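**Student:** make a model of this:
(one chain, ligands or ions: 1)
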Amino acid sequence: SLLDDECDYLFKTVLIGDSAVGKSNLLSRFARDEFHIDSKPTIGVEFAYRNVKIGDKIAKTQIWDTAGQERFRAITSSYYRGALGAMLIYDITRKGTFENLKKWLHELREYGNRYMVIVLVGNKSDLVNSREVEAEDGRSLAQQEDLCFMETSAKENLNVEDAFVQMITKVFEIA
Ligand code: GDP
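**Tutor:** I've put the predicted structure just below:
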């Protein structure tokens, strides 16, 4: 259990973004090194834990996944409560998921901790032929909104570790 584990810090982080951008696959890749071709069948908040070594300390992160609730616009303030980091995810093959980021940022700033670390992630970078959002667009939004930015592929395991570790390290620095 959590309490038996050796860790120096424990904090909550959340994944947000439109339905099917890859939130649960980014989480399963990071937490268990798994990828799933089909969307998850279950509805409801789920989370996973992972330890990350930072210097000589071990940070344990509890990472929350919406598990489909965003489909019903049912994400509540309790989802964000206590979270120090957020990964805001869009799908590079669907422009609409990028356009909705403003809405997500608004919600994050309304419900989230004011010092929350936000990492912007453009997922599905393996699907080069279906790209609808250029990396440059992600980068410039991130610059505008003062966020970190990365493109990832949960499928090919590209940058997934880096994106999470970047978020966790930044939270660690402010915590
Ligand atoms: P969520 O609704 O945001 O949690 O999205 P899911 O993790 O359920 O992913 C939605 C769909 O996109 C699933 O069919 C996944 O297999 C697929 N998917 C997720 N990440 C990637 C990726 O990096 N590349 C590709 N090609 N497909 C992905």
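
**Student:** now residue 110: phi and psi?
**Tutor:** Torsion angles at residue 110 (phi, psi; degrees, to the nearest 10) stand at phi -80, psi -40.

**Student:** the helix or strand containing residue 29 - what's its average pLDDT?
**Tutor:** Using DSSP states H and E, residue 29 sits within helix 23-32. Averaged over helix 23-32, pLDDT sits at 92.

**Student:** isn't there a helix covering residue 150?
**Tutor:** No. Assigned with DSSP: H, G, I helix; E, B strand; the rest coil, residue 150 falls outside any helix and is strand.

**Student:** I'd like to know which elements the helix holding residue 29 is packed against.
**Tutor:** Judged by 3 or more C-beta pairs under 8 Å, 6 or more residues apart in numbering; DSSP states H and E, helix 23-32 is in contact with strand 9-16, strand 46-54, strand 57-65, strand 83-91, helix 160-174. In short, each C-beta sits where N, CA and C put it, glycine included.

**Student:** strand partners (parallel or antiparallel) of the third one?
**Tutor:** Under the criterion DSSP bridges, strand 57-65 sits next to strand 9-16 (parallel), strand 46-54 (antiparallel) in its sheet.
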